[in-house]
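> No sequence on hand, only this structure:
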């Protein structure tokens, strides 16, 4: 179905966060609130309009805006932590701003000062940036969406899918190819004539991310909305590692949410296996050993995520061939482990709790569905390749948004 229009105005009284600690404190408070109805939103596919308004009004969507433009410029370590905190409460809500932060990093790395000033201010006001990057129905990665010159300016035409957050957005950063076959990121107002958003995402996980379709039918584009994209990857910039760091944090957070749901179920509802010869499931030695394994994997993944965030911070402070490559490798390592740990935690939830955990009323399968769906965003097998190629042959990872 075609999505309802997003609000014309930003959420009221958008807060401006001033420090890393304030961002973490607000994330914890919001997560506690978001968790209360996460089960119902996923089960009944209720789009989280009110939650998103609170989310963006909290100021968290503006925390990476540079200090020179009025933001807190929090560390990437903090951004990853904030993302994981929200993901533990609701995986869908944590993924919706992923491309918003990606767009902010594209702006920071390659936009003109006037563009940065305009769009950074919008983010601080609480406006949300969605995305229209990917396209389907083709086996290659060439973009068919075109930004072409017309007698009275520029127009955008094309179709996109996997447009996470576009339904909820005020602006839609859109990847298009111009007349010179150069990729540009075009910031399109959600209400621009010719923009059609369709809520046709029917994946079994991440059900309320709004990852559906966006169509552009000869949409008029202002020059100041066009931000360099391809040229930002022709030099060393941390755009790719920033994007991938957030994805890793989402997977970690969903895994931690699954683990948090496992523990009370074992204490209060699960039964020990009869051969264990114990009174409660919480005393079952094999369950305890399995829980220990999940806990260790999640702790290790969290440590790698923090290490990767520090590497991305170093690349942002001094973007060189070596610092950006180091950040890409560190984030790839984190993505390997957050993928494995998240999937393990969500799968072991059922192994340790038994058949009663599969009842629809609890909707515990949302954790596995969400982490399985999100970890398919790009193949982890190629993370191993990037790490191995850099370690053995000294070859830096390629420059794009997926590494």
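Sure, I can see it. Note that the structure is a prediction, hence the values are computed from the model and not measured.
> make it CA atoms for all contacts and neighbour counts henceforth
Fine.
> Any buried residues in stretch 64-73, and which?
Across stretch 64-73, burial judged by 16 or more other Cα atoms under 10 Å covers 64-66, 69-73.
> Show the average pLDDT along that stretch.
Averaging pLDDT along stretch 64-73 yields 98.
> First residue to last residue on it, what's the distance there?
4 Å (Cα to Cα, to the nearest Å).
> where does the chain have low pLDDT?
1-12, 138-141 (pLDDT under 70).
> Look up the closest residue to the residue nearest the centre of the chain, ignoring the ones flanking it.
The residue lying closest to the centre of the chain (Cα atoms, centre = their mean) is residue 98, at 3.2 Å. Spatially, and ignoring its direct neighbours in sequence, residue 98 is nearest to residue 246 (6.4 Å; Cα to Cα, 6 or more residues apart in numbering).
> was I right about that neighbour contacting residue 83?
Yes. Taking Cα atoms under 8 Å as the definition, residue 246 is a contact partner of residue 83 at 6.8 Å.
> ok, back up a step: if I pick the residue nearest to the centre of the chain, what's in contact with it?
By Cα atoms under 8 Å, 6 or more residues apart in numbering, residue 98 lies in contact with 243, 246-247.
> What does it show for phi and psi?
Note on residue 98: its backbone torsions stand at phi -60, psi -50 [degrees, to the nearest 10].
> Over to the one 5 residues further on?
Residue 103 has phi and psi values of phi -60, psi -40 when expressed as degrees, to the nearest 10.
> isn't there a strand covering residue 106?
No. Residue 106: not assigned to a strand; according to DSSP: H, G, I helix; E, B strand; the rest coil it is helix.
> For burial, what's the neighbour tally of the closest residue to it other than its chain neighbours?
Nearest in space to residue 106, with sequence neighbours left out and distances taken as Cα to Cα, 6+ apart, is residue 239 at 6.3 Å. When neighbours are defined as other Cα atoms under 10 Å, residue 239 has 31 of them.
> Surely residue 239 is in contact with residue 109?
Yes. With contact defined as Cα under 8 Å, residue 239 and residue 109 form a contacting pair (7.4 Å).
> quick one: contacts for the residue nearest to residue 106?
102, 105-106, 109, 400-401.
> so which of these comes closest to residue 184?
residue 106 (10.5 Å; Cα to Cα).
> Correct me if wrong: the closest one contacts residue 231.
No. Between residue 106 and residue 231 there is no contact under Cα under 8 Å: 10.6 Å.
> Looking at the two, which is more packed in?
residue 106 (24 against 12).
> so who does the more buried one touch?
Contacts of residue 106 (Cα under 8 Å, 6+ apart): 229, 232, 239.
> Would you mark the buried spots in the one helix or strand residue 341 maps to?
Using DSSP states H and E, residue 341 sits in helix 321-353. Across helix 321-353, burial judged by 16+ other Cα under 10 Å covers 323-350, 352-353.
> again with stretch 215-224
For stretch 215-224, using 16+ other Cα under 10 Å, the buried residues are 215-216, 218-221.
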